[in-house]
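Chemist: Fold the following, please.
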Amino acid sequence: METGKQRHESQSREQPRDDFFDPSKPQVRRSMAFFAIGALLGLALAGYGLFTAKGTRSRSVPPEDLALVNNRPILRSDFMTQVQTQFAVPFAQSTSEQRAKVLEDMLAEELQVQRGLEIDLPSFDPDVRAAMVAGVQLEIMADVIAQLPTEQQLRGFYDAHKDKYVSEGMLRMRDLVAKGGAAGTPEQAMANAQQAVTALRAGMPLDQVMQRYRLLDSGVFMDAGHADTGEIFEFAAKAKLAPSVYAAAAALHGGEVSDPIRQSEGVHVIVMLEHRMPVQEDYAAAADKVWTDYKIDAQTRVREANVRYLRSRADILLSPDARALEAHAK
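Modeler: Alright, predicted model coming up:
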């Protein structure tokens, strides 16, 4: 007796092969084939959409770009600017040879920049690191540079920093010293210096006073072995003189003589020949410097804030000696 499975196999063997292409008759193999073809077509369309979407690598160049180098653009605007800058002609008047030269240069530059990043050039080349730091600072300070401070802001900055806007003083002076070794004991040197001060204030000529009371030029202000009595900027005198000696000199007007000033090498006496005192500049006179200082101060604050923000995001591990240095700086 024939079973159902045997009948099904017998019918399958008897079914003509051309039923595969006969749409009026059901065919499993034909259905599976159509499903497979549909799936392949779907995958092909999806792949085309994926690789031609904006922001993906493709063989087409966006309209705003002149070229893509490893999917990084060379902008048309940059190209036009470079042509005009390099050849000093309007872009419309540039030749094909000039444009081709600039294109080759820009392609070579982009390839070398990408190679530099690939080998991590910024990590060891100081010039590259400096350029990157400068570029980052310029980016974060772009708004500050472009911003125009108001008159109120500038006046407020001037009022808060008036000590910066003082004209530089100028002086002519003699720094004389009575030395203990030449005059005897330190007490005798002080006595000689005091007598010299009294004589100078009474009008005795300087050379005569120096000879009588054994005073010598300190040697701080000398020119070809002789005392320099020319004009000296206030900041230069401050830098060269001991703090207590400069403090005495800064308070003197032309024609005045200081009290004796004891120092380790002897007793100093300052004879002020001429002193143009520093003068506070008003806002109108200092306006240009105020504007410059205001911009510098604003850029400094932005730069420091950016460094603090970057440090807050970074994982910085310091050695013990580095931690000690940071603690000392704070």
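
Chemist: Show me what the longest helix belonging to the chain is packed against.
Modeler: Scanning the chain for the longest helix, with DSSP state H as the assignment, gives helix 283-313. On a contact count with 3 or more CB pairs under 8 Å, 6 or more residues apart in numbering; DSSP states H and E, helix 283-313 meets helix 126-140, helix 142-146, helix 151-160. C-betas here are computed from N, CA, C, even on glycine.

Chemist: okay, now the domains of this structure?
Modeler: According to automatic domain parsing, the chain comprises the domains 30-60, 170-276.

Chemist: Looking at the ones you listed, spot the one closest to residue 74.
Modeler: Across the domains of the chain, residue 74 has its closest neighbour in domain 30-60 (14.8 Å, CB to CB).

Chemist: same question for that closest one, mean pLDDT?
Modeler: If you average the pLDDT over domain 30-60, you get 64.

Chemist: ditto for stretch 322-329
Modeler: Averaging pLDDT along stretch 322-329 gives 82.

Chemist: rewinding a little: let me know which of the domains of the chain is tucked in deepest.
Modeler: Neighbour counts averaged per stretch over those are highest for domain 170-276, at a mean of 16; criterion: mean count of other CB atoms under 10 Å.

Chemist: now that one: how far from the chain's centre is it?
Modeler: On the basis of CA atoms, centre = their mean, to the nearest Å, domain 170-276 is displaced by 45 Å from the centre of the chain it belongs to.

Chemist: so which of the domains of the chain comes closest to residue 298?
Modeler: For those, proximity to residue 298 was assessed by CB to CB; domain 170-276 is nearest, at 26.2 Å.

Chemist: what's the span of the closest one, first residue to last?
Modeler: Distance across domain 170-276, first residue to last, is 5 Å (CA to CA, to the nearest Å).

Chemist: So, low pLDDT: which residues of the stretch 151-300 of the chain?
Modeler: Along the stretch 151-300 of the chain, the model assigns pLDDT under 70 to residues 180-184, 224-225.

Chemist: how about the domains of the chain, which one is nearest residue 80?
Modeler: Per CB to CB, nearest to residue 80 of these: domain 30-60, 20.9 Å.

Chemist: Which strands or helices does the helix or strand hosting residue 85 pack on?
Modeler: In this structure, residue 85 is located in helix 76-87 according to DSSP states H and E. Of the remaining helices and strands, those touching helix 76-87 by 3+ CB pairs under 8 Å, 6+ apart are strand 65-69, helix 96-118.

Chemist: Tell me who's in contact with the residue lying closest to residue 79 once chain neighbours are set aside.
Modeler: Nearest residue to residue 79, sequence neighbours excluded (CB to CB, 6 or more residues apart in numbering): residue 66, at 4.9 Å. For residue 66, the contacting residues are 74-76, 79, 103, by CB atoms under 8 Å, 6 or more residues apart in numbering.

Chemist: for residue 177, same thing?
Modeler: Contacts for residue 177 (CB under 8 Å, 6+ apart) come out as 215-218, 263, 265-269.

Chemist: and if you look at residue 135?
Modeler: By CB under 8 Å, 6+ apart, residue 135 lies in contact with nothing.

Chemist: Read off the pLDDT value for it.
Modeler: Residue 135 is assigned a pLDDT of 88 by the prediction.

Chemist: Neighbours of residue 91, how many?
Modeler: By the criterion of other CB atoms under 10 Å, residue 91 has 14 neighbours.

Chemist: With adjacent residues omitted, what lies nearest to it?
Modeler: With CB to CB, 6+ apart as the criterion, residue 91 has its nearest non-adjacent residue at 4.6 Å, and that residue is residue 80.

Chemist: Kindly provide the distance from that neighbour to residue 113.
Modeler: Here the criterion is CB to CB, to the nearest Å. By it, residue 80 lies 20 Å from residue 113.

Chemist: Likewise for residue 275?
Modeler: The spacing between residue 275 and residue 113, counted by CB to CB, is 59 Å.

Chemist: With residue 314 instead?
Modeler: Residue 314 is 25 Å from residue 113, by CB to CB.

Chemist: Name the residue in the two with the higher neighbour count.
Modeler: residue 113 (13 against 7).

Chemist: what comes up buried for stretch 106-120?
Modeler: By 16 or more other CB atoms under 10 Å, the buried positions in stretch 106-120 come out as 106, 110.

Chemist: The residue nearest to residue 230 when sequence neighbours are not counted bridge partners, please.
Modeler: Leaving aside its sequence neighbours, residue 230 sits nearest to residue 172 (CB to CB, 6+ apart; 6.6 Å). Applying DSSP bridges to residue 172 gives these bridge partners: residue 274.
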